[in-house]
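**Q** using only what follows, build the 3D model:
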Amino acid sequence: VCVAVTQSTPLPAIAPAARKVTAALIFLHGLGDTGPVRPVTLNMNMAMSSWFDIIGLSPDSQEDKSGIKQAAENIKALIDQEVKNGIPSDRIILGGFSQGGTLSLYTALTMQQKLAGVTALNCWLPLRASFPLPIGGANRDNSILQYYGDDPLVPLMLVNPANVTFKTYEGMMHSSCQQEMMDVKQFIDKLLPPID
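**A** Okay, the predicted model is just below:
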């Protein structure tokens with residue numbers, strides 16, 4: 001099952017399964033895609049859909065600590081609901097693009113439950129100073145896919161857990177491309193093989 005999470009409704013958009021559900025992909029949207037609006041400092045306080053406020057993109061920018069933590073708790077609650085529905089947490093991949101990827105990384109690395117993996121596309125690890133190094137937690141050894149384009153918008157800030165696959169796509173900018181989507185599919189197929 002694929003769960004596309006937005007903040008516009010209390011329920012996520014769920015793609016129906018063709019057979020018994022044994023795994024889930026929860027994918028979080030980027031800044032401005034869908035959901036309720038809030039002022040975003042980075043964009044001159046313009047109201048737009050956002051998981052949390054973004055004050056700046058440089059590594060030393062102030063961060064919306066309470067907003068990031070609250071958004072992560074909301075995603076953890078969604079994961080808990082999938083587990084209650086019968087999908088083991090280690091059969092769930094959490095991912096997202098841009099701000100959604102950022103939230104996915106933070107959520108996974110602060111969870112007690114072990115996930116199958118994380119896809120983090122064109123994003124950064126927020127609240128980096130709050131993580132002791134090496135990064136620990138239940139998902140520290142998980143497979144993490146971290147992909148970037150030649151992105152002038154989001155600065156390159158790598159995550160350092162043990163099993164990070166990092167790749168850049170020349171000419172992609174702050175978007176996606178067919179090769180990246182094929183690589184993400186291969187990552188998902190590897191981590192969530194069919195169960196009979």
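**Q** contacts and neighbour counts: CA atoms only from here.
**A** Fine.
**Q** Asp33 reaches Trp51, doesn't it?
**A** No - the criterion here is CA atoms under 8 Å, and Asp33 misses it with Trp51 at 10.4 Å.
**Q** between these two, which has more neighbouring residues?
**A** Trp51 (28 against 13; other CA atoms under 10 Å).
**Q** can you give me the distance of the closest residue to the more buried one other than its chain neighbours to Gln179?
**A** Nearest in space to Trp51, with sequence neighbours left out and distances taken as CA to CA, 6 or more residues apart in numbering, is Ala71 at 6.1 Å. According to CA to CA, to the nearest Å, Ala71 stands 30 Å off from Gln179.
**Q** got it, and Gln146?
**A** Counting by CA to CA, the gap from Gln146 to Gln179 is 14 Å.
**Q** more neighbours: which of those two?
**A** Gln146 (23 against 10).
**Q** quick check: longest helix of this structure.
**A** Counting residues, the longest helix in the chain under DSSP state H turns out to be helix 65-84.
**Q** counting contacts, what elements does that helix pack onto?
**A** helix 99-109 (3 or more CA pairs under 8 Å, 6 or more residues apart in numbering; DSSP states H and E).
**Q** run the last query once more with 10 Å
**A** Packing partners of helix 65-84 (3 or more CA pairs under 10 Å, 6 or more residues apart in numbering; DSSP states H and E): strand 2-5, strand 24-28, strand 92-97, helix 99-109.
**Q** how about the ones you listed in JSON lines, adding mean pLDDT, distance to Pro126 and mean neighbour count?
**A** JSON lines is the format used below for those (pLDDT from 0 to 100; distance: least, CA to CA, whole Å; neighbours: other CA atoms under 10 Å):
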{"stretch": "strand 2-5", "mean pLDDT": "52", "distance to Pro126": "19", "mean neighbour count": "19"}
{"stretch": "strand 24-28", "mean pLDDT": "93", "distance to Pro126": "15", "mean neighbour count": "24"}
{"stretch": "strand 92-97", "mean pLDDT": "93", "distance to Pro126": "14", "mean neighbour count": "26"}
{"stretch": "helix 99-109", "mean pLDDT": "91", "distance to Pro126": "6", "mean neighbour count": "26"}
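**Q** quick one: closest of these to Ile195.
**A** strand 24-28 (12.6 Å; CA to CA).
**Q** strand partners of that closest one, parallel vs antiparallel please.
**A** strand 2-5 (parallel), strand 92-97 (parallel) (DSSP bridges).
**Q** what angle do helix 65-84 and that strand make with each other?
**A** 160 degrees (axes from the mean of the first three to the mean of the last three CA atoms, to 10 degrees).
**Q** now the strands for the protein?
**A** Remark: strands assigned in the chain by DSSP state E are 2-5, 13-15, 24-28, 37-40, 46-49, 92-97, 117-121, 143-149, 163-169.
**Q** out of these, flag the one nearest Phe187.
**A** strand 143-149 (7.7 Å).
**Q** re the thing from before, and the longest helix of the chain, what's buried?
**A** Ile68, Lys69, Ala71, Ala72, Ile75, Lys76, Leu78, Ile79, Asp80, Glu82, Val83 (16 or more other CA atoms under 10 Å).
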